[in-house]
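Participant: Build the 3D model from these lines:
(one chain, ligands or ions: 1)
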Amino acid sequence: MKVERGAVIVECVRGDIARQRDMEAVVNAANAQLRMGGGVAGAIHRAAGPSLEQECRPLAPIRPGQAVITGGHNLPNRYVIHCLGPVYGMDEPADELLASCYRNALRLAESSGVKSIAFPAISTGVFGFPLEPAARIALKAVLAELPGLSSVKHVRFVLFDAHDLRVHSEILEELAKGN
Ligand code: ADP
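Facilitator: Numbers count the residues shown, from 1 in each chain. As a prediction, the model looks like this:
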């Protein structure tokens, strides 16, 4: 699923966030300590190599909703933008904190001159945020930021399985039609 808003492409694809060769930045669904971990953080740190953790150390800990930027190390991407999503049922207000992740990541990308950025579905793994509301919050937050962007031209959501891709694609289609 792909939509064009002004000069910006927003798309949803199925894939692995650590294998997005054509994206200048990838977003990590990080933990507060910016350490390896499982899921997205595991895939990103494994592909980037141990020097990513070294670069992350002085930037940690981060708070829910916050985003920080590092180099991509051995990843095919120039930058990694690390976001700490809310733990569902614990970090409140969860919706606002999740939206902040996407907003802050896009603003950081913009201020670093990034042209293309790929997001995973932050908080929907071990952090337990239900997929459908998380997808709606994420896509709404991204679409709302687009008018303020000039450097970022391409935003990709990378979903791990077919169901997650379908949910994101349907919501993107619905939101894109709505205005
Ligand atoms: P969080 O701790 O923020 O919940 P997780 O990494 O546990 O983050 O999961 C976030 C989402 O990313 C989940 O939907 C999970 O299925 C998905 N995911 C896990 N590994 C990858 C990967 N390599 N690429 C893209 N998505 C992934």
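Participant: surely Arg63 meets Gly85?
Facilitator: No - under the criterion of Cβ atoms under 8 Å, Arg63 is not in contact with Gly85, lying 11.1 Å apart. Every C-beta, even on glycine, is put in place using the N, C-alpha and C of the backbone.
Participant: the more surrounded of those two?
Facilitator: Shown here are Arg63 and Gly85; by other Cβ atoms under 10 Å, Gly85 has more neighbours (30 against 10).
Participant: For that one, pull up the helix or strand it's in.
Facilitator: Here Gly85 sits in a region with no helix or strand, counting by DSSP states H and E.
Participant: Quick check: closest non-adjacent residue to it.
Facilitator: Leaving aside its chain neighbours, Gly85 sits nearest to Ser123 (3.2 Å; criterion: Cβ to Cβ, 6 or more residues apart in numbering).
Participant: In contact with the one you found: list those residues for me.
Facilitator: Contact criterion Cβ atoms under 8 Å, 6 or more residues apart in numbering gives Ala29, Gly85, Pro86, Val87, Tyr88, Ala94, Leu98, Cys101, Phe129, Ala134 as the residues in contact with Ser123.
Participant: Determine which two of those are furthest apart.
Facilitator: Pairwise distances among the contacts of Ser123 were taken by Cβ to Cβ; the largest, 14.6 Å, belongs to Ala29 and Ala94.
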